[in-house]
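>>> no sequence on this one, just coordinates:
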DNA sequence: GGGCACTTGTGAAGCCATGCACAAAGTTGC
DNA sequence: GCAACTTTGTGCATGGCTTCACAAGTGCCC
Ligand SMILES: NC(=O)c1ccc[n+]([C@@H]2O[C@H](COP(=O)([O-])OP(=O)(O)OC[C@H]3O[C@@H](n4cnc5c(N)ncnc54)[C@H](O)[C@@H]3O)[C@@H](O)[C@H]2O)c1
Ligand SMILES: NC(=O)c1ccc[n+]([C@@H]2O[C@H](COP(=O)([O-])OP(=O)(O)OC[C@H]3O[C@@H](n4cnc5c(N)ncnc54)[C@H](O)[C@@H]3O)[C@@H](O)[C@H]2O)c1
C-alpha cells in the first residue's frame, strides 16, 4: 500500500519523542488518516498490535520497514544533472531512508567529470557500465521532457524495472516496469483549479453560464 | 479533476505536432488513460466534441485551460531557498503554464538579499508584507520538515489557501485550505516495495511465512 | 437525400476503497 | 480470578470511480 511510508514517518516521529506504544487512534491522527483504515492496512501485514494496549512503536517501525524493503540498501541512479538533478543529489533525506545515490549521469560532455555531492558525473554513453557497476535497481529521470522517453527506454533495456520520472511528459513503459511520476506543474494546476473555485465562484458562474443565460433569456 | 492537467499536456503535445482534431481514443492513448474515462471527464466540462469527428485540439486546450484557471496569472511564493528552493526558482517550466514565481523567502539572514533567478530573497519576518505586496495566492514550502508546520500556519494566517508542501512532514491545515504534498521519499519507497516483490518474491515468502510454516508443521 | 462509417456522450454494471460498528481479546485494579 | 475498561481486527454496507457497451448524433460519399 501507498500509505505505509506515511505510517512509517509518523512512527519515526513518535519514536523520536520517546513514545513506546501507540494506539491506532493516536497513530492515525499523527499520520492524518482514519483509524479504521490504518488498522485494516496494518492487519494486512499481520497481527502486530496488542488489544487493549496498541502497537509497539519500534517493533511496528521495523515490520513496516521490512515490508517496504528498507532494511536493504537501494542504489539509485539519477539521469540528468541539471537544476533538479543537483538538488536531488545533494539531498540528505534519501540516505536516511535506505536510498543511496550511487551514480549520476548526464548527456552533456560539459558536465561529465564534474563532481556533485561527492560523485563524479558520468556520460550517458557509459550508462550500460554504470548500471552494472553499481548494481542499479532504481533510476530517477531528471532530464528535459523531450529526452524522457528515450532515456526511459534505455533504462528499461538495461533491465531497470523501477523508475521515478520528474520530466513533464507521458512516458510509456512495458508490462512489469514500475514508473512513477512527480509532476510539480500538475500539482500547481490542481491548486489553481481549487483556488479559482474558491475565489472566483461568482465570476466563474458568470463567465461559464453567460451563453446559457443569454440563450435562455433571448431565445 | 486531477487528470485535466494530464489531458492538457497531451493536447499541447498534439498541437505542437500540428494535429487539428483528435478522437477520444487517440487522446486517451497519448495521455495514457482509458478512453471512456476521458470522455466522461470531458463531458463534465460540457459537450466540446463532435460525434463522428472527435475534439478540436486547440479549442479543447483552451477550454481546459480556462477550467483549471490557467488563463490568469498566478503569483507563487516559495518559502525556504535551499537546495530545492533554488532548483524550483530557476525552473522555467512553471512560467509557461501560467505560474509566476513572484517572491522568495528564507529565514536565514545569510540568504536574505541574495539574488536567485532574478529575485531578491526576502526575510521571513517580511512574510506579511511580501504576501500583500505580490498578492500571493499559492505558496510552496521548501523548508526543512521541522519548520513546515510553523511556516504553514503563518501562511494560513496570512490568508493563503493553496499550499504545496515538499517537506517530509504531516502538516495539518484548517478546513478550506488546500494542501498538497510532494514526497520524493515516499515515491522511492513505493518503488522499492514493488521492486522487492519482483526480485525477492521467493525470499520474502520464506521470511514472512516461516513462522506460519513452523507453526503448521510443528503444531 | 439517404445510407454508411465513425465517434461522442452516457446509462448501467462492477469493482475497490472507505468507514462504521461491534465482537473478540487483552489489561488493569481489586 | 473477576469485572470493567481499553483497543484491535474485521464483517458489512455505503459511495465513488472505472469500464463496458450502446444509442444518438455527425460527416462523407454517392
Ligand atoms: N528544476 C525544477 O525545479 C523542476 C521542477 C519540475 C520539473 N522539472 C523537470 O525536471 C527535469 C529537469 O529539470 P532541470 O531544471 O534540472 O533541467 P535542466 O535543463 O537544468 O537539466 C537537464 C539536464 O539533463 C541533461 N540531459 C539532457 N538530455 C539528456 C539525456 N538524453 N541523457 C542524459 N542527460 C540529459 C542536460 O544535459 C541537463 O544537464 C525537466 O524535465 C523539468 O521539466 C524540474
Ligand atoms: N533537495 C531535494 O532534492 C529534496 C528532495 C525531497 C525533499 N526535500 C525536502 O524539501 C525541503 C527543502 O530541502 P532542501 O534540500 O532545499 O533543504 P535545505 O536545508 O537546503 O534548505 C532549507 C532552507 O529553508 C530555510 N528555512 C529553514 N527554516 C525556515 C523557516 N522557518 N522559514 C523560512 N525558511 C526556512 C533554510 O534557511 C534553508 O535555506 C526539506 O524538507 C527536504 O526534506 C528536498
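Okay, I see it. What you are looking at is a predicted structure, and each value in this text was computed from that prediction instead of being measured. Ligands and ions are numbered 1, 2, ... in the order given.

>>> Strands of chain A, start to end?
Taking DSSP state E, the strands of chain A run over residues A:21-22, A:49-50, A:54-56, A:74-79, A:99-106, A:115-116, A:119-123, A:138-141, A:162-165, A:178-181.

>>> looking at chain A, which helix or strand does the model trust least?
Within chain A, no helix or strand scores below helix A:201-218, which has a mean of 46 by mean pLDDT, DSSP states H and E.

>>> Now tabulate the strands of chain A in JSON lines and tack on distance to residue B:165 and mean pLDDT.
Bear in mind the C-beta positions are built from the backbone N, C-alpha and C, glycine included. Listed next are the strands of chain A as JSON lines, based on distance: least, C-beta to C-beta, whole Å; pLDDT from 0 to 100:
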{"stretch": "strand A:21-22", "distance to residue B:165": "24", "mean pLDDT": "96"}
{"stretch": "strand A:49-50", "distance to residue B:165": "30", "mean pLDDT": "93"}
{"stretch": "strand A:54-56", "distance to residue B:165": "26", "mean pLDDT": "96"}
{"stretch": "strand A:74-79", "distance to residue B:165": "23", "mean pLDDT": "98"}
{"stretch": "strand A:99-106", "distance to residue B:165": "20", "mean pLDDT": "97"}
{"stretch": "strand A:115-116", "distance to residue B:165": "26", "mean pLDDT": "96"}
{"stretch": "strand A:119-123", "distance to residue B:165": "28", "mean pLDDT": "97"}
{"stretch": "strand A:138-141", "distance to residue B:165": "20", "mean pLDDT": "98"}
{"stretch": "strand A:162-165", "distance to residue B:165": "19", "mean pLDDT": "98"}
{"stretch": "strand A:178-181", "distance to residue B:165": "18", "mean pLDDT": "96"}
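
>>> Is chain B within reach of stretch A:119-129?
No. On the criterion C-beta under 8 Å from any C-beta of the partner chain, stretch A:119-129 is out of touch with chain B, staying 15.3 Å away.

>>> And the strands of chain A: which comes nearest DNA strand C?
Comparing these by their distance to DNA strand C (C-beta to the nearest atom of the strand), the top pick is strand A:49-50, with 5.3 Å.

>>> Okay, now the sheet partners of the closest one, with direction.
Strand A:49-50 pairs in its sheet with strand A:54-56 (antiparallel), by DSSP bridges.

>>> next one: the strand it pairs with to chain centre, how far?
Centroid separation for strand A:54-56 versus its chain: 28 Å, with C-alpha atoms, centre = their mean, to the nearest Å.

>>> on that earlier part again, out of the strands of chain A, which gets nearest to residue B:74?
Nearest to residue B:74, of all those, is strand A:178-181, at 21.9 Å by C-beta to C-beta.

>>> distance between that closest one and the chain's centre?
In terms of C-alpha atoms, centre = their mean, the centre of strand A:178-181 is found 9 Å from the chain centre.

>>> Would you give the sheet partners of that strand, along with the direction of each?
Sheet pairing of strand A:178-181 (DSSP bridges) gives strand A:162-165 (parallel).

>>> For the strand it pairs with, give me every contacting residue.
A:137-141, A:148, A:152, A:155-156, A:171, A:173, A:177-182, B:184, B:187-188, B:191-192, B:194-195 (C-beta atoms under 8 Å, 6 or more residues apart in numbering or on different chains).

>>> does the residue nearest to residue A:130 when sequence neighbours are not counted have beta-bridge partners, and which?
Closest residue in space to residue A:130, ignoring its immediate chain neighbours: residue A:103 at 4.9 Å, by C-beta to C-beta, 6 or more residues apart in numbering or on different chains. Beta-bridge partners for residue A:103, by DSSP bridges, are residue A:77.

>>> So residue A:102 sits against residue A:89, correct?
No. With contact defined as C-beta atoms under 8 Å, residue A:102 does not reach residue A:89; the gap is 10.9 Å.

>>> shared neighbours of these two, which are they?
Shared contacts of residue A:102 and residue A:89, defined by C-beta under 8 Å, 6+ apart, are found at residue A:119.

>>> coming back round to it: what sits against the residue nearest to residue A:130?
Applying C-beta under 8 Å, 6+ apart to residue A:103 gives the contacts A:75, A:77-78, A:119, A:122, A:130, A:133-134, A:136.

>>> Equivalent analysis for residue A:8, please.
A:61, A:64-65, A:68, A:70, B:189.

>>> Pull up the residues of chain A that are close to DNA strand C.
Applying C-beta under 7 Å from any atom of the strand, we find that chain A lies next to DNA strand C at A:33-34, A:36-37, A:39-40, A:50-53.

>>> Would you format the residues you listed as JSON lines with distance to residue B:26 and neighbour count included?
Below are those laid out as JSON lines (distance: C-beta to C-beta, whole Å; neighbours: other C-beta atoms under 10 Å in any protein chain shown):
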{"residue": "A:33", "distance to residue B:26": "39", "neighbour count": "17"}
{"residue": "A:34", "distance to residue B:26": "40", "neighbour count": "13"}
{"residue": "A:36", "distance to residue B:26": "43", "neighbour count": "11"}
{"residue": "A:37", "distance to residue B:26": "38", "neighbour count": "14"}
{"residue": "A:39", "distance to residue B:26": "45", "neighbour count": "16"}
{"residue": "A:40", "distance to residue B:26": "40", "neighbour count": "12"}
{"residue": "A:50", "distance to residue B:26": "56", "neighbour count": "10"}
{"residue": "A:51", "distance to residue B:26": "55", "neighbour count": "6"}
{"residue": "A:52", "distance to residue B:26": "59", "neighbour count": "6"}
{"residue": "A:53", "distance to residue B:26": "57", "neighbour count": "10"}
